[in-house]
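A.B. asks: Please work out how this folds:
(one chain, ligands or ions: 2)
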Amino acid sequence: MRAVVLDVEGTTSSSDHVHRVLFGHARRRLPQWLAAHHTDPEVAEALATLPVPGTDLAGRVALLRTWMDEDRKETALKTVQGLIWQEGFAAGELTSHVYPDVPPALRAWHADGLTLCVFSSGSVAAQRAWFRHTPHGDLRPYLSHHFDTANAGGKSTVDAYRTIAAALGVPGDGILFLSDSGAELRAARDAGWHAVAVCRDGRAAPPPAIRSFAELEVTARGYRLLDTAAPEAAR
Ligand SMILES: CSCCC(=O)C(=O)COP(=O)(O)O
Ligand SMILES: [Mg+2]
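C.D. replies: Residues are numbered from 1 along each chain as shown. Ligands and ions are numbered 1, 2, ... in the order given. All right, here's what the predicted structure looks like:
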């Protein structure tokens with residue numbers, strides 16, 4: 001392998017923490033934050049893509065909150081959420097969650113010369129703030145590239161994985177993707193990548209699957225699941 005690409009929610013980190021802490025924070029802050037920042041160029045560009053007539057802020061807040069409730073992965077929503085979270089992390093109002101098996105694996109794979117990247121629906125700004133403020137310290141030095149729906153595309157689309165491979169300059173069969181989403185794993189495999197399901201919190205998935213990064217060995221020669229196999233889902 002030459003590169004490992006990591007999903008965040010449900011893979012490196014708890015889905016519950018993302019929804020309860022991050023989504024809750026963005027939902028509460030949204031009206032005041034948008035009033036203060038709607039003319040910032042990056043925010044204005046995101047807002048211009050919303051299917052809301054006129055420039056009414058209340059209508060935009062309502063739509064973005066509905067999308068949050070539906071966990072929509074719209075790029076405009078992810079841009080706004082990411083900027084709100086970036087501020088929240090910088091102010092010490094938020095902390096991230098990373099499973100304890102993740103930092104040792106990142107250290108080992110990085111020391112072995114592998115390129116480590118993140119691909120999340122969360123924006124690049126959100127990813128950087130997230131991995132900077134973990135209970136295990138700043139993990140950004142291990143992560144050389146960040147991909148999101150803006151710079152790569154939707155996570156269930158094959159083209160996103162081709163775009164990432166091209167950006168890394170690594171052929172698909174040199175990349176291993178770790179994710180909790182069957183649709184994402186399928187899209188990555190369709191692009192010629194290797195892909196392993198991550199089953200946190202007792203979930204099950206078709207093999208190859210792991211419950212923890214400690215069950216996975218990755219080196220330049222390839223990857224190997226260690227003895228304790230994750231529970232298999234009925235097919
Ligand atoms: C710190 S990234 C925030 C997570 C997020 O907004 C999200 O939608 C998670 O999606 P993922 O692709 O990481 O499963
Ligand atoms: Mg996920």
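A.B. asks: Could you tell me the per-residue confidence at the residue of the chain found nearest ligand 1?
C.D. replies: Closest contact between the chain and ligand 1, by Cβ to the nearest ligand atom, is at G122 (2.3 Å). To be clear about C-beta, it is placed using only N, CA and C from the backbone, and glycine gets the same treatment. Note on G122: pLDDT of 98.
A.B. asks: how close does it sit to T12?
C.D. replies: Taking Cβ to Cβ, to the nearest Å as the measure, G122 and T12 are separated by 11 Å.
A.B. asks: what do you get for G202?
C.D. replies: Taking Cβ to Cβ, one finds G202 at 18 Å from T12.
A.B. asks: Give me the more crowded residue out of G122 and T12.
C.D. replies: In this comparison of G122 against T12, neighbours counted by other Cβ atoms under 10 Å, the higher total goes to T12 at 28 against 25.
A.B. asks: mind listing what the residue of the chain closest to ligand 1 touches?
C.D. replies: Each residue near G122 by Cβ atoms under 8 Å, 6 or more residues apart in numbering is listed here: V8, E9, V18, K78, Q81, G82, W130, D148.
A.B. asks: again, but for L47
C.D. replies: Taking Cβ under 8 Å, 6+ apart as the contact definition, L47 lies against H38, R60, A76, V80.
A.B. asks: Show the contacting residues for the closest residue to the second one other than its chain neighbours.
C.D. replies: Taking Cβ to Cβ, 6 or more residues apart in numbering as the measure, R60 lies nearest to V52, with 5.4 Å between them; neighbours along the chain are not counted. Shown in contact with V52 (Cβ under 8 Å, 6+ apart): G59, R60, L63.
A.B. asks: Could you pull out the strands in the chain for me?
C.D. replies: Defined through DSSP state E, the strands belonging to the chain, from first to last, are 3-6, 115-119, 145-147, 175-179, 194-198, 209-210, 216-219, 222-225.
A.B. asks: Who does the first one pair with, and is each partner parallel or antiparallel?
C.D. replies: Read it as strand 3-6. strand 115-119 (parallel), strand 175-179 (parallel) (DSSP bridges).
A.B. asks: Kindly provide the distance from the nearest residue to A165 once chain neighbours are set aside to E184.
C.D. replies: With sequence-adjacent residues excluded and distances taken as Cβ to Cβ, 6+ apart, A165 is closest to G172, at 5.3 Å. When distances are taken as Cβ to Cβ, G172 and E184 turn out to be 14 Å apart.
A.B. asks: and this structure, what are its domains?
C.D. replies: 3-14+96-225, 16-90 (automatic domain parsing).
A.B. asks: wait, does the last one contact ligand 2?
C.D. replies: Right, domain 16-90. No. On the criterion Cβ under 5 Å from the ion, domain 16-90 is out of touch with ligand 2, staying 8.8 Å away.
A.B. asks: Tell me the residue in this structure that is farthest from the middle.
C.D. replies: G54 (32.0 Å; Cα atoms, centre = their mean).
A.B. asks: Now stretch 53-64: buried residues?
C.D. replies: Across stretch 53-64, burial judged by 16 or more other Cβ atoms under 10 Å covers R60, V61, L63, L64.
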